[in-house]
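> Next one to model:
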Amino acid sequence: MVKIETFDANTFWNKSYAHQRGKLLKRVQVPDDQIKILVNKSYLELPAPLRYEIETSGITKAELG
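Numbering: from 1, shown residues only. Purely as a prediction, here's the structure:
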């Protein structure tokens with residue numbers, strides 16, 4: 001069985017600033033107009049499909065600075 005590696009997005013989101021959140025959302029191809037709305041929401045307020053996309057994207061915390 002292969003384990004899917006996930007990004008701990010909830011912890012990252014809670015400890016990051018808006019520009020870091022925006023960088024993450026841009027990496028998963030969220031349109032700029034939506035990024036402006038989403039960066040100020042709590043992680044659990046994001047749509048479930050977007051949270052799944054972030055968590056399984058393979059992005060590392062180091063990539064987001």
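
> Quick one: mean pLDDT for the one helix or strand I35 maps to?
When secondary structure is defined by DSSP states H and E, I35 falls within helix 32-38. Averaging pLDDT along helix 32-38 gives 96.

> Stretch 49-60 too?
90.

> buried set for it?
Buried positions in stretch 49-60, judged by neighbour count with 16 or more other Cβ atoms under 10 Å: R51, E53, I54, E55, S57, I59. Yep, even glycine has a C-beta here, placed from its N, CA and C like the rest.

> Return it as PDB; C-alpha atoms alone will do.
Presented in PDB, the C-alpha positions along stretch 49-60 are these (Å, rounded to 0.1, in the frame of the first residue of the first chain):
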ATOM      1  CA  PRO A  49     -12.100  20.400  -2.700                       C
ATOM      2  CA  LEU A  50      -9.500  23.300  -2.400                       C
ATOM      3  CA  ARG A  51      -8.300  22.000   1.000                       C
ATOM      4  CA  TYR A  52      -7.800  18.600  -0.500                       C
ATOM      5  CA  GLU A  53      -6.000  20.000  -3.500                       C
ATOM      6  CA  ILE A  54      -3.600  22.000  -1.200                       C
ATOM      7  CA  GLU A  55      -3.000  19.000   1.100                       C
ATOM      8  CA  THR A  56      -2.200  16.600  -1.700                       C
ATOM      9  CA  SER A  57      -0.300  19.000  -4.000                       C
ATOM     10  CA  GLY A  58       3.100  17.900  -2.900                       C
ATOM     11  CA  ILE A  59       4.100  21.500  -2.000                       C
ATOM     12  CA  THR A  60       6.500  21.800   0.900                       C
END
